[in-house]
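K.L.:
quick one, fold the following:
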Amino acid sequence: MAGVKEKETEGFQDRVVAINRVAKVVKGGRRFSFSALVVVGDGKSRVGFGVGKAGEVPDAIRKASEQAKKSLIHVCQVDGTLPFEVVGRSGASIVNMFPAKSGKGVIAGGAVRTIAELGGIHNIVCKVHGSKNAHNVVRATMDGLKQLVNIREYSQNRGLDPVGLQQLRHQKQQKNKAGLSSSQSEEKINASENATGKAEGETQQGENS
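P.N.:
Residues are numbered from 1 along each chain as shown. Reported below is the predicted structural model:
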């Protein structure tokens with residue numbers, strides 16, 4: 001069973017990503033219980049996830065919510081989006097997350113959308129590769145968000161000047177744009193040359209016939 005249920009307590013929102021029925025084989029047979037995957041966030045900058053197991057669904061959700069509140073992380077943001085693109089991995093799941101312009105919205109599905117919304121990210125583009133298992137996707141998304149740092153923290157860790165880093169990044173972006181524009185123009189020239197060559201060949205064949 002899977003669904004999304006939402007509950008708000010103490011400024012945090014709880015959303016149930018997945019509920020599964022699990023069985024434990026014992027001497028007398030099987031004992032069935034429920035496993036709940038819950039994501040908790042304040043909708044601003046903190047988000048976490050937890051897994052709970054119990055004989056009843058409400059108890060499993062409560063346990064997962066309590067565990068999620070103990071594993072909250074801070075999501076680094078710049079104007080409601082990511083400071084840079086990042087790749088999160090967990091098991092066979094790979095989640096690519098890209099920053100987006102204002103007004104783009106949350107382009108993601110399933111568990112990734114839930115984490116982005118509860119983490120306060122308003123503009124992001126995500127793509128999930130590999131396994132679509134909810135547990136792996138949630139862990140991969142959290143792994144990617146843990147890698148995010150702002151320019152000040154990055155510069156302090158490397159002992160560099162934040163202003164110089166921003167200028168260097170801007171120069172690299174300009175070079176990448178210039179490289180893309182030049183390659184696109186070359187492709188257009190090659191395409192036009194191929195088209196003219198085909199036209200000349202067709203005219204010569206018509207004259208010979």
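K.L.:
A helix includes residue 44, no?
P.N.:
No. Counting by DSSP: H, G, I helix; E, B strand; the rest coil, residue 44 is located in no helix; its state is coil.
K.L.:
can you pull the contacts of it?
P.N.:
Counting by Cβ atoms under 8 Å, 6 or more residues apart in numbering, residue 44 touches residue 120. Every residue, glycine included, has its C-beta placed from N, CA and C.
K.L.:
distance of it from residue 32?
P.N.:
38 Å (Cβ to Cβ, to the nearest Å).
K.L.:
go on, residue 145?
P.N.:
From residue 145 to residue 32 the distance is 34 Å (Cβ to Cβ).
K.L.:
looking at those two, which one has more neighbours?
P.N.:
Applying other Cβ atoms under 10 Å to residue 145 and residue 32 shows that residue 145 carries more neighbours, namely 23 against 10.
K.L.:
what mean pLDDT does the strand or helix carrying residue 140 get?
P.N.:
For residue 140, the host element (DSSP states H and E) is helix 134-146. Taken as a whole, helix 134-146 has an average pLDDT of 93.
K.L.:
against which helices or strands is that helix packed?
P.N.:
If you count contacts as 3 or more Cβ pairs under 8 Å, 6 or more residues apart in numbering; DSSP states H and E, helix 134-146 packs onto strand 12-26, strand 29-41, strand 46-54, strand 73-74, strand 86-90, strand 93-99, helix 111-118, strand 124-130.
K.L.:
list the strands paired with the fifth one, with their directions.
P.N.:
Put plainly, it is strand 86-90. Using DSSP bridges, the strands paired with strand 86-90 are strand 93-99 (antiparallel).
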